[in-house]
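[1] Sequence isn't available, so here's the structure alone:
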């Protein structure tokens, strides 16, 4: 049986934020693994007008509002997907790295454009 979609019952903003954190974690100069298996985000993307770039993807700024939202950080931390020290540091836990959000192809626009 395939894994249940969104088993932690994340709301749409939390799902988008986790998806973006996962994408940032795959960028070599933007994240760093810790000895306990977490991946600390060391650099957030900078917006260019209404969008920003994450590796080879373009993301609408409107999909990224949770990256600067304390309530979203706290909710993801309560669910064990991140370790957060608002507003200074956020790290994906192994569970957060592995969590299948199912929306990456909807918010990480690849190819063409910018």
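    Received the coordinates, thanks. These numbers come from a predicted model, not from an experiment.

[2] ok, residue 55 - contacts?
    23, 26-27 (Cβ atoms under 8 Å, 6 or more residues apart in numbering). Quick note: C-beta positions are derived from backbone N, CA and C, even for glycine.

[3] would you turn these into CSV with neighbour count and distance to residue 91?
    Formatted as CSV, the entries for the contacts of residue 55 read as follows, by neighbours: other Cβ atoms under 10 Å; distance: Cβ to Cβ, whole Å:
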residue, neighbour count, distance to residue 91
23, 20, 15
26, 12, 14
27, 16, 15
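
[4] Which one of the residues you listed is nearest to residue 73?
    residue 23 (16.6 Å; Cβ to Cβ).

[5] Residue 89 versus that closest one, what's the distance?
    Using Cβ to Cβ, to the nearest Å, we find residue 23 at a distance of 18 Å from residue 89.

[6] can you check residue 63 too?
    With Cβ to Cβ as the criterion, residue 63 and residue 89 are 22 Å apart.

[7] nearest to residue 103, of the contacts of residue 55?
    residue 23 (11.2 Å).

[8] can you pull the contacts of the nearest residue to residue 60 once chain neighbours are set aside?
    Of all residues not flanking residue 60 in the chain, residue 51 sits nearest, at 5.6 Å (Cβ to Cβ, 6 or more residues apart in numbering). When contacts are counted by Cβ under 8 Å, 6+ apart, residue 51 touches 58-61, 114.

[9] I am finished for the moment; much appreciated.
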